[in-house]
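*Asks:* Sequence and predicted structure below; questions after.
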Amino acid sequence: MKIAILKRLIRDQRGTSALEMGLIACMIVLAMFAALQGFANENDRTWISISSKVSEASQKANAG
């Protein structure tokens, strides 16, 4: 009895497309996280560079 139910579940492919769509969505989200991490790092470097340049200009203006 249990073997027949197990065989029927193995042959049933109704949930396959939903599972595939879920896996694709998961991969898209992971790719988005990776891209956003790279963007965040570059954005951080840009603002640090701007901050240091403003500080240097401010020091030069106050010294002169």
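*Replies:* Perfect, I can see it now.

*Asks:* helices and strands of this protein: which one has the lowest mean pLDDT?
*Replies:* helix 2-11 (a mean of 82; mean pLDDT, DSSP states H and E).

*Asks:* next helix or strand past that one?
*Replies:* helix 16-63 (DSSP states H and E).

*Asks:* Mean confidence (pLDDT) on that next one, please.
*Replies:* Helix 16-63 shows a mean pLDDT of 92.

*Asks:* how close does the residue nearest the centre of the chain get to F39?
*Replies:* In the chain, the residue lying closest to the centroid (C-alpha atoms, centre = their mean) is F33, at 0.6 Å. Going from F33 to F39 by C-beta to C-beta, to the nearest Å gives 11 Å. From N, CA and C alone the C-beta is placed, and that goes for glycine too.

*Asks:* Next: I48.
*Replies:* Separation of I48 from F39 (C-beta to C-beta) stands at 15 Å.

*Asks:* cool, I28 as well?
*Replies:* In terms of C-beta to C-beta, I28 sits 16 Å off from F39.

*Asks:* And F39, how far from A4?
*Replies:* Distance from F39 to A4, by C-beta to C-beta: 53 Å.

*Asks:* again, but for A63
*Replies:* Noted for A63: a distance of 88 Å to A4, by C-beta to C-beta.

*Asks:* same deal with Q13?
*Replies:* 17 Å.

*Asks:* do S52 as well
*Replies:* Distance from S52 to A4, by C-beta to C-beta: 72 Å.

*Asks:* One more: F33?
*Replies:* According to C-beta to C-beta, F33 stands 43 Å off from A4.

*Asks:* What's the local residue count around W47?
*Replies:* 9 (other C-beta atoms under 10 Å).
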